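Novice: got a predicted structure here, sequence first:
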Amino acid sequence: MKTFLTAFGGAIVGTVLGAILLFLIASAVIGGFVNSKLSAFQDQGKASGNVVLSLDLRQEISDQPATTGLPAIFGQKGFVNVLTRLDAARTDDDIKGVLIRASEYSVGSSRAEEVREAIQRLKDAGKFVIVSSQGTYSGGPSALRSIAAADEIWVQPGGDYLPGGIVFETLFFKGLLDRLNVSAEIEQFYEYKNAPNVYKETGYTEPHREAMTALAESVWTTSLEDIAADRGLDVATVRDALSSGPLSPDRMIELGLADKLGWPEDAMAAARQRAGDDAEIMDILNYTPDGAPLDAKMIAVVGGEGPIVTGGSEGDLINAGPAFASDMVANAILEAGHDEDVAAIVFRVDSPGGSPTASDQIWNAIETVQRETEKPVIVSMGSVAASGGYYVSTGADWIMASRSTITGSIGIFGGKLAVADGLREIGVNAETVGVGGPFAGALSTLSGFTDEQREMLHAWLERGYDRFISLVADGRGMSVSEVDDIARGRVWSGEDALRIGLVDEIGGLIDAVAKARELAGVEDDTATRIKFYPVPQGGIPGLTPMSEASAGDLQTLARLSEVLSDERVQALIEQGAMMKQGPVQARSPMMIEH
C-alpha cells in the first residue's frame, strides 16, 4: 500500500501519457523495420585504399555510448563516437570524404553545431563532404544548419524543405490535476525555476515565457548566422528564405541553400567519383581508425547523459540502469583521475539535471581529482547541461558549450503531489497515524503541507539553493550576488552563457579534447589516445549465455532496446516519474525543440 501511495502522483501523469507512449512505441517499431530495410548505402569489409565514410543523420542516436543493459551488450555507440571518428578521418589518407544522408527532421541545434564543425575540419584537411537530402518536413533550421557547410548538397526531386523558426513546446498538466483533485505542493527557487510549472500552471508565467523566448531568439539568430556563413549568403537572405514557407528543391537551389537536384544514388555516385577508382563506402561507426601507440598518454572522456540520480547503475535486461547515476559517474571520474596513463579528463555532460545530492557527489569527485592529482578537468556540454547538469560542471577547470547548448537553470525546487482528495473521490479514504516532530509525514503524498511544514521545506530548499550558487561562485570566480543575478532558475543558451560568465569558451567535444591536451601540457605533435568511461558492463542478466541465443532473438532484443531508448519515449517516461525520484530536484524545465 505504501508503494502505491508513494507512486500515485507520478502514476497519474504516467497513465495519461500511456496511450501516447504506446503510439510512439508502435511508430518506432514500424519505423525501425522500414529503416532496417532501407539502411544507408554502404559496403562491407575493412577500409583500405579509397574510402568514403557514410553518416546517416536520420538515425536516432544517444549522445554517449551505452554502458549498461542491452544497448551496451550490443555495443551501441553514441554521437560522441561519431565525432571522434570524423576527427580521426581528417588525418587518415585512406579516407577521401564523407557522404551524409541529411535528417528529415530536427537533429537538435547543439548537435547541428558539432556536425557543422566536423564538416569544416574535414574540408580544411582536404576531404570532401557530399550530402543527400530527401526533404525536410519539420523541426526548425537544425537539419539544414548541420549540413550547410558541405561541398555539395543534393536535393531529391519533390523533396521540399519546410523551414520554420525555433519553437519550444511545453506540456502543462495543472488542468488535468485539477480535474483529478490533485494539488501540486511544490516550492521553487526562484521565479525562473520553471520545471514545476508543468504541474502548477496551465500555461507560461511571465518569467517562464521571458526565459524561453530569449533562448529561442538566441538559437534562431546563431542558426541563421551559421547557415548564411556556410552558404555564402547574407543573414537577411537566409532569414527571409526560412520564414517564407515551404521551398521546392528548385527554389532551394536558386536561393543557394542547395546545389544540385538528384536522387540518393546520384549523390552516392558523385562521392565515389570524387574518391577515385574502386572507392568503397563505409558506415562511420564501422570505421576503426589507427590508434596512437599503446604507451601514449590518454585523454579520458567521462560521459553523463540523462536525468541525474543517486546510486549505482543497476538495471535489468530491458531497462538499463541510469546513464547519469552518481556512484557510476563519480567512480568513473575518480578511476580516470587516478589512472597514471590519463593526462586529463573531458567530462561530457548532456543532462537536464535531477538530484542535488547526486550532483553534489559528482561535483566532489571532480574536486577530489583536481586536489589529489592536479589533472585538468574540462567539461564539454552537449545539447543540454542545465540545473543539476550545470551543478556537476561548475567546478571544472574549463567549461565549453556550443552556442545552442541549453545551460544554466541554477536553481532548485521540491515538494510533492498531494492525492488524498483525489483518492476520496474514487472511494479511497487514506488516513495516517504517526509520532515524531512536525515534519513527520510531511513528504507523504496524501495531504498538503501544514504552514509549519511548508516553512521547513522552504528553509531546506533555501539551503540547497545557497549551496548551489556558492559552488558556482567559487568555480566561476564570481561573487554570490553576481551568481544570484544570473541564476534564480533561468535557462540560457551557450552563447548567452559565455557572455555572462557561466562558460569559458564556445566549442564541441573535439575542441574540449584539444583544450584538455593544452591544459595537460601535451605537445602538439604528441599522439594521445581517447578512452571512454564508464567502461561498458557485459553479460545478459537472467538469460542464457550469448552463445546459446539465436541471431533472431538477439536482433529482437536489440530492436526492443532501440525502441525503449527513443528520446521521445524516454521523455514521457521521465516526465511521469519526475516527482517520484526525490522530493528535491535541480532540474531544468521540460521542453521539446521543434
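Specialist: Good, I have the coordinates.
Novice: tell me the buried residues in stretch 290-297?
Specialist: residue 297 (16 or more other C-beta atoms under 10 Å). Where you see a C-beta, it was placed from the backbone N, CA and C, and this is true even at glycine.
Novice: what does stretch 368-381 give?
Specialist: Going by 16+ other C-beta under 10 Å, stretch 368-381 has these buried residues: 369, 370, 373, 375, 376, 377, 378, 379, 380, 381.
Novice: widest-spaced pair of those residues?
Specialist: Between any two of those, the greatest separation by C-beta to C-beta is 23.1 Å, found for 373 and 381.
Novice: pLDDT below threshold where in the stretch 401-550 of the chain?
Specialist: Applying pLDDT under 70 to the stretch 401-550 of the chain picks out residues 537-550.
Novice: where do the helices sit along it?
Specialist: 420-425, 451-476, 480-486, 494-500, 509-519 (DSSP state H, counting those that start in this stretch).
Novice: just the CA trace of the fourth one, in CSV.
Specialist: Included here for helix 494-500 are C-alpha records, laid out as CSV according to Å, rounded to 0.1, in the frame of the first residue of the first chain:
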residue,chain,number,x,y,z
GLY,A,494,25.5,28.7,-24.6
GLU,A,495,26.0,31.9,-26.5
ASP,A,496,24.5,33.9,-23.7
ALA,A,497,26.2,31.8,-21.0
LEU,A,498,29.6,32.8,-22.4
ARG,A,499,28.6,36.4,-22.2
ILE,A,500,27.6,36.2,-18.5
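Novice: what packs against that helix?
Specialist: helix 206-231, strand 398-401, strand 406-408, strand 505-506 (3 or more C-beta pairs under 8 Å, 6 or more residues apart in numbering; DSSP states H and E).
Novice: show residues contacting that helix.
Specialist: Outside helix 494-500, the residues that touch it by C-beta atoms under 8 Å, 6 or more residues apart in numbering are 110, 214, 218, 222, 381, 401-408, 486, 492, 503-506.
Novice: selection in ChimeraX covering whichever of these are buried, please.
Specialist: Provided next is the ChimeraX selection string for whichever of these are buried by 16+ other C-beta under 10 Å:
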select :110,218,222,381,401,402,403,404,405,406,407,408,486,492,503,504,506
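Novice: the closest residue to residue 227 other than its chain neighbours and residue 142: what is the separation?
Specialist: Take residue 227 and drop its neighbours on the chain: the residue closest to it by C-beta to C-beta, 6 or more residues apart in numbering is residue 148, 4.7 Å away. Distance of residue 148 to residue 142, given as C-beta to C-beta, to the nearest Å: 11 Å.
Novice: then residue 480?
Specialist: For residue 480 relative to residue 142 (C-beta to C-beta), the value is 36 Å.
Novice: please apply the same query to residue 97.
Specialist: 23 Å.
Novice: and for residue 243?
Specialist: 16 Å.
Novice: just residue 362 next, same as before
Specialist: With C-beta to C-beta as the criterion, residue 362 and residue 142 are 29 Å apart.
Novice: same check on residue 122?
Specialist: 19 Å.
Novice: just residue 98 next, same as before
Specialist: Counting by C-beta to C-beta, the gap from residue 98 to residue 142 is 19 Å.
Novice: and residue 274, by the same measure?
Specialist: Distance from residue 274 to residue 142, by C-beta to C-beta: 27 Å.
Novice: neighbour count for these two, which is higher?
Specialist: Between residue 274 and residue 142, counting by other C-beta atoms under 10 Å, residue 142 is the more crowded of the two (26 against 18).
Novice: which residues does the more buried one contact?
Specialist: 103, 106, 107, 108, 109, 111, 112, 223, 593.
Novice: now do residue 512
Specialist: By C-beta under 8 Å, 6+ apart, residue 512 lies in contact with 346, 348, 378, 379, 380, 398, 400.
Novice: ok, back up a step: save the helices of the stretch 401-550 of the chain as CSV, and put in distance to residue 261 too.
Specialist: Listed next are the helices of the stretch 401-550 of the chain as CSV, based on distance: least, C-beta to C-beta, whole Å:
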stretch, distance to residue 261
helix 420-425, 59
helix 451-476, 50
helix 480-486, 48
helix 494-500, 35
helix 509-519, 33
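Novice: residue 347 and residue 377 touch, don't they?
Specialist: Yes - using C-beta atoms under 8 Å, residue 347 is in contact with residue 377, at 6.0 Å.
Novice: joint contacts of those two?
Specialist: The contact sets of residue 347 and residue 377 overlap at 333, 366, 396 (C-beta under 8 Å, 6+ apart).
Novice: does the last one touch residue 381 like I think?
Specialist: What it means is residue 396. No - assessed by C-beta under 8 Å, residue 396 is found out of contact with residue 381, at 10.2 Å.
Novice: which SS state does residue 394 fall under?
Specialist: Assigned by DSSP: H, G, I helix; E, B strand; the rest coil, the conformation of residue 394 is coil.
Novice: what is the burial count for it?
Specialist: Residue 394, neighbours per other C-beta under 10 Å, totals 22.
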